[in-house]
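> Quick one, fold the following:
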Amino acid sequence: MDHHHHHNGHHHDHANLKGRNLLISIVLNVVITVAQVIGGVISGSLALLSDALHNFSDVLSLIISYVATKLAKRKASIDRTFGYKRAEILAAFINASTLVVVAIFLMIEAVKRLMEPQEIGSNLVIIMSFIGIVANGLSVLLLKKDSSSNMNMKSAYLHLLTDMMASIAVLIGGILMKFFQIYWVDAVLTMVIGMYLVYMGYDLLKESTKVLMLFTPKSIEVQEIVNSICELEAVKNVHHVHIWQLNEEEIHMEAHIDFMEDIKLSEFDVILEQIEEHVYHRHGINHVNIQPEYDKCDSKNVIVQD
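As a prediction, this is how the structure comes out:
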């Protein structure tokens, strides 16, 4: 019957800042990718080429993240009543998926190279990996702040952080190849990078999937909310509850409430305000939609399969 909204301030200014940081990171990663592809081909280093491939996936993921931040700012309309608020979650899902796919591809290539080791131009590998560390390090610093509170930015941040680590691994490999002629280390490092990417990407993939599937947020206890609403004197029963996360800022709740008496609409408004304040301050739910009922014959289960 009613939607109540608690909005965050300075959202648009922050989104503009996120967009700028993403753009700078895109430019840096295009430069690294081109440099590493050239360096990898000339030197024959699989680790450097795999790092370049990962950097290319970074460029794509950063572009997706950038487009998502722009889309998320668009207003709702008649045919898009939620606007594009889910764009950033979708971007996080796509980026996490590509992170895992790229990692598996790298590990397959590393196994092939282990079986057929090749001599590698280590000087070029060292130079290119150092460039990768510096550029990715700058990008990581730019996105670090937003990565803790935004799934989309976390996905972009993870791509860059793992790539910086990959560049460090490639640098170590380059030094070992130059001074000790241990060429198999190139493939071993590629394998380690791949496994780490799978580990990081899977967690984000799982979290973004939960949001897209409308699962109840991990921090929310549905039964606890139902019990607290039932403590209100006028409330007889709370049922047909749905709680889901729309995006990073919004958690929605809808429920049917059975009342003890056939109360007036004005009395319901007072109770509704109490419920809205309670679920917002205790559980962070900022959009509430309640259907009031009196003596209605329907399922009184907390969770009802629609």
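
> what are the ranges of the strands in the chain?
With DSSP state E as the criterion, the chain has strands at 4-5, 235-245, 251-259, 287-293.

> residues contacting residue 146?
Shown in contact with residue 146 (C-beta atoms under 8 Å, 6 or more residues apart in numbering): 18, 21, 153, 157. C-betas here are computed from N, CA, C, even on glycine.

> What segments of the stretch 151-300 of the chain are helices?
151-180, 185-212, 222-230, 265-283 (DSSP state H, counting those that start in this stretch).

> quick revisit: may I see the strands of the chain organised as CSV, with mean neighbour count and distance to residue 98 added?
What follows is these, written out as CSV (neighbours: other C-beta atoms under 10 Å; distance: least, C-beta to C-beta, whole Å):
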stretch, mean neighbour count, distance to residue 98
strand 4-5, 14, 34
strand 235-245, 19, 23
strand 251-259, 20, 28
strand 287-293, 18, 31
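
> Let's have those strands in JSON lines, adding mean pLDDT.
As requested, those are exported to JSON lines (pLDDT from 0 to 100):
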{"stretch": "strand 4-5", "mean pLDDT": "55"}
{"stretch": "strand 235-245", "mean pLDDT": "95"}
{"stretch": "strand 251-259", "mean pLDDT": "96"}
{"stretch": "strand 287-293", "mean pLDDT": "96"}
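
> So for residue 97, which of those sits nearest?
The closest of the strands of the chain to residue 97 is strand 235-245. By C-beta to C-beta, the value is 19.3 Å.

> gap between the closest residue in space to residue 75 that isn't next to it in sequence and residue 176?
With C-beta to C-beta, 6 or more residues apart in numbering as the criterion, residue 75 has its nearest non-adjacent residue at 5.8 Å, and that residue is residue 83. Look at residue 83 and residue 176: by C-beta to C-beta, to the nearest Å, they are 52 Å apart.

> With residue 33 instead?
From residue 33 to residue 176 the distance is 24 Å (C-beta to C-beta).

> who's more crowded, the two?
Taking other C-beta atoms under 10 Å, residue 33 and residue 176 do not tie; residue 33 has more neighbours (21 against 18).

> residues in contact with that one?
If you count contacts by C-beta under 8 Å, 6+ apart, residue 33 has them with 52, 55, 56, 58, 59.

> residue contacts, residue 254?
Shown in contact with residue 254 (C-beta under 8 Å, 6+ apart): 240, 241, 242, 288, 289, 290, 291.

> pretty sure the first one contacts residue 293?
Same thing as residue 240. No. Applying C-beta atoms under 8 Å as the test, residue 240 and residue 293 come out as separate, 9.4 Å apart.

> Dump the C-alpha coordinates for stretch 26-38 into CSV.
Listed next in CSV are the C-alpha coordinates belonging to stretch 26-38 (Å, rounded to 0.1, in the frame of the first residue of the first chain):
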residue,chain,number,x,y,z
ILE,A,26,40.8,2.5,-18.8
VAL,A,27,43.5,4.7,-20.5
LEU,A,28,46.3,3.2,-18.3
ASN,A,29,45.2,-0.3,-19.0
VAL,A,30,45.0,0.2,-22.8
VAL,A,31,48.6,1.5,-22.7
ILE,A,32,49.8,-1.6,-20.7
THR,A,33,47.9,-4.1,-22.9
VAL,A,34,49.4,-2.8,-26.1
ALA,A,35,52.9,-2.7,-24.5
GLN,A,36,52.7,-6.2,-23.1
VAL,A,37,51.3,-7.8,-26.3
ILE,A,38,54.3,-6.3,-28.2
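
> in that stretch, what's buried?
Neighbour-count burial for stretch 26-38 flags 26, 28, 29, 30, 32, 33, 35, 36, 37 (criterion: 16 or more other C-beta atoms under 10 Å).

> same question for it, mean pLDDT?
Mean pLDDT, computed over stretch 26-38, is 86.

> Show me which residues of stretch 212-224 are buried.
Neighbour-count burial for stretch 212-224 [16+ other C-beta under 10 Å]: 216, 220, 222.
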